[in-house]
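Novice: No sequence on hand, only this structure:
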C-alpha cells in the first residue's frame, strides 16, 4: 500500500462516527445503500449542474455508500450487472475513492472499499485548487485487460471514456437528489495519478470527479 507519510493526523467519518489517528484498516465494509426515496427524476435532471466550490464538511459514510452504489453498484442478482452500463458488459471502469485519510478502490461486488494509499492525495487528482479541499474525489480508471480482445485501440478508448461518462452522470444525478455538488474533470495529470496509485501498465487513468456539499459563499 502506498503512503503519503508527511501528512498530519486526520478526522474521518467511518460507519457514522468520527475516528482520529494516522491509519485506518485496509478495507471498509460500507453500510447498505439506500435504494428508496430521492427526488423525482425530472426534478433531478432540472437541478443537475456542476459545482466547483465546496464546504469544509465531510460526507457521511451512509451517503458515500449510496453514492457509490448509484455510480456503479450491483443492481441485479448477477454481480456483473451494474447501475451503469458498459460495452459488452465488461465493467472495465474502476472507481478510486480519494478521501482525506486515504484512497480506496471501490469493489461493487462486495460493496466495500479496499485501501490502496495511506494519506491525503486529493491535490494529486486535479490541477484546480478545489480538488485539494473537496471532501471526496473519484478517479476513474480503465482496466484494459477487461476490454474485448477484438477491439482496436480507438474503440477501446472510445468505449472506456463513454463508460466512465455513464458513471459520472450517475454521480451527478445522485448529487442533485441529495443536495451535494459535483464536477466531472478531465483537467488532470493522469500520469502523476497513475504513479500515486501505483497502477499496472494495463490500467489507465481517464477522469476525476469532485464531490461535496456546495459552499454557501
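Specialist: Good, I have the coordinates. Please read all numbers here as calculations on a predicted model, not as lab measurements.

Novice: you'd agree residue 139 is up against residue 99?
Specialist: No: applying CB atoms under 8 Å as the test, residue 139 and residue 99 come out as separate, 11.7 Å apart. Using the backbone N, CA and C atoms, a C-beta is placed for each residue, glycine as well.

Novice: Not including adjacent chain positions, what is the nearest residue to the residue nearest the centre of the chain?
Specialist: The centroid of the chain falls nearest to residue 138 when counting by CA atoms, centre = their mean (2.9 Å). Of all residues not flanking residue 138 in the chain, residue 209 sits nearest, at 4.4 Å (CB to CB, 6 or more residues apart in numbering).

Novice: Can you show me the strands along the chain?
Specialist: Secondary structure of the chain by DSSP state E: the strands cover 2-3, 10-14, 17-21, 27-29, 93-99, 102-107, 112-118, 136-143, 181-185, 203-212.

Novice: need those in TSV with distance to residue 77 and mean pLDDT, can you?
Specialist: Shown next, in TSV, are the strands of the chain (distance: least, CB to CB, whole Å; pLDDT from 0 to 100):
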stretch	distance to residue 77	mean pLDDT
strand 2-3	35	60
strand 10-14	29	37
strand 17-21	32	33
strand 27-29	20	92
strand 93-99	21	99
strand 102-107	17	98
strand 112-118	19	97
strand 136-143	23	99
strand 181-185	30	99
strand 203-212	28	99
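
Novice: for the residue of the chain most remote from its centre, what are its contacts?
Specialist: Note on the chain: the largest C-alpha distance from the chain mean falls to residue 150, namely 28.7 Å (CA atoms, centre = their mean). When the contact criterion is CB atoms under 8 Å, 6 or more residues apart in numbering, residue 150 has no partners at all.
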